[in-house]
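*Asks:* what shape does this take:
(2 chains)
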Number of protein chains: 2
Amino acid sequence: MQTRKGQSIEDESMEIIEREVGSHPYNKMEWPIVRRIIHATADFDFAGENKIVFHKDAITSGINALKNGCSIIADVNGVIGGLNKQNPKDFGNNLICNISDPDLAERAKQENKTRAQMSMRIAASEMNGGILVIGNAPTALLEVIKMIREGVTKPALVIGIPVGFVSAAESKEELQTVDVPFITNTGRKGGSSCAASIVNALFKLLREN
Amino acid sequence: MQTRKGQSIEDESMEIIEREVGSHPYNKMEWPIVRRIIHATADFDFAGENKIVFHKDAITSGINALKNGCSIIADVNGVIGGLNKQNPKDFGNNLICNISDPDLAERAKQENKTRAQMSMRIAASEMNGGILVIGNAPTALLEVIKMIREGVTKPALVIGIPVGFVSAAESKEELQTVDVPFITNTGRKGGSSCAASIVNALFKLLREN
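*Replies:* The predicted structure follows:
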């Protein structure tokens, strides 16, 4: 789908990032992912103060799951919007986001949860062996951590990179204590563009390896 | 649609931003917009190094257009994904994003344009009196600037906040020389979350004023 002109702009951007980033701690599978986040945000903090943290099995587990057509579950529609749509078409991955379901909002109100929390609960079975992508809501990430600890679900990969001022940094620290492959970062920054770019980068690694 | 818990997290986040931001140059209509961008990105640079720039008529023109049910045209699906969906439902705004149209990709290739450029060209009539929201592609913003100068279209507001390393900063400087209400920023940063949060903030101002 990428036009020649679009590809040439992307190549030039990646060269600028390589020139400006300086030294970084990432290996040859990790760096293309971090570089794509910087490309999506123009924010070098993702290789510095808000650095990306990889579980040792994250990339392998994520790529294998994508290759086998796993579901991709997102906390918000902005994540789905940021995905390159050709990839899930080619590999048969189902894209799921329940946040705008009106029944969900009603149920969340009744249980005094956020909609994001509730949307994780109802996606437990698709999440099993799937890739969970949280770009917005710390409450969604905390709910998933709870579900994994309860044995309710076991994702192949949790991309947990919510943005925000209330519990975002804490939820990402918590994720690093759970027995599940994860990609996350430190601090408050993150977001749906950032989360989507990680999935796009994993698909690119899958195609190239 | 916001649950009580979701609202309480948002309120707490806004209080943290107020405490940490320090002095800033924004007036009482502008600041709620900038604050919502910081809320969406956890990045105070949008009140500093990458500061938001408002055309003097931007907020009034944007609010009036939204109130009258204008179309909202986005360069990428990530912008649409980040919008609060209740607002356009209540005010009758049509949401438009043509970037994934397969015919468009073919036409863009033939003319050696990016898909983003071509998607702006074909939305010229909806854009007339509408709000254009560019969160990703500098090429889309440059194309719209050209269209406005050619007299092909006259948007009520251009939200031009593309992110990137190639022409992003330059396209945003160029926007500030065009005779059209705009909201933009300086430098490379921006993005679809950022762009969507500006529209969400304008709807909030519309409801409150």
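*Asks:* where along chain A do the strands fall?
*Replies:* All strands of chain A, identified by DSSP state E, fall at A:52-54, A:72-74, A:95-96, A:131-134, A:157-160, A:182-185.
*Asks:* isn't A:M127 right up against A:I72?
*Replies:* No. With contacts counted by CB atoms under 8 Å, A:M127 stays clear of A:I72, the gap being 10.0 Å. All C-beta spots, glycine's among them, are computed from the backbone N, C-alpha and C.
*Asks:* tally of neighbours for the residue lying closest to A:S119 once chain neighbours are set aside?
*Replies:* In this structure, A:S119 finds its nearest non-sequential neighbour in A:N98, 4.1 Å apart by CB to CB, 6 or more residues apart in numbering or on different chains. By other CB atoms under 10 Å in any protein chain shown, the residues close to A:N98 number 19.
*Asks:* now swap in A:V144 and tell me
*Replies:* Neighbour number of A:V144 under other CB under 10 Å is 29.
*Asks:* wait, what's in contact with it?
*Replies:* With contact taken as CB atoms under 8 Å, 6 or more residues apart in numbering or on different chains, A:V144 is in contact with A:120, A:127, A:132, A:134, A:153, A:155, A:158, A:160.
*Asks:* helix or strand with the lowest mean pLDDT in chain A?
*Replies:* In chain A, the helix or strand scored least confidently by mean pLDDT, DSSP states H and E is helix A:102-110, which has a mean of 88.
*Asks:* does any part of that helix sit near chain B?
*Replies:* Yes. Between helix A:102-110 and chain B, judged by CB under 8 Å from any CB of the partner chain, the touching residues are A:105, A:108-109.
*Asks:* distance of A:A116 relative to A:A140?
*Replies:* Between A:A116 and A:A140 the computed distance is 4 Å (CB to CB, to the nearest Å).
*Asks:* which residues are common contacts for these two?
*Replies:* In contact with both A:A116 and A:A140: A:D75, using CB under 8 Å, 6+ apart.
*Asks:* which stretches of chain A form helices?
*Replies:* In chain A, the segments counted as helices under DSSP state H are A:4-21, A:31-41, A:58-67, A:77-81, A:86-91, A:102-110, A:115-121, A:124-127, A:138-149, A:168-175, A:192-208.
*Asks:* got the contact list for the closest residue to chain B within chain A?
*Replies:* Across chain A, no residue is closer to chain B than A:G81, which sits at 2.9 Å (CB to the nearest CB). Going by CB under 8 Å, 6+ apart, A:G81 touches A:192, A:196, B:76-82, B:192.
*Asks:* how close does the closest residue to A:R121 other than its chain neighbours get to A:E174?
*Replies:* Residue nearest to A:R121 in three dimensions, not counting chain neighbours: A:E143, with 6.7 Å by CB to CB, 6+ apart. A:E143 sits 11 Å away from A:E174, going by CB to CB.
*Asks:* that concludes my questions; thank you for your assistance.
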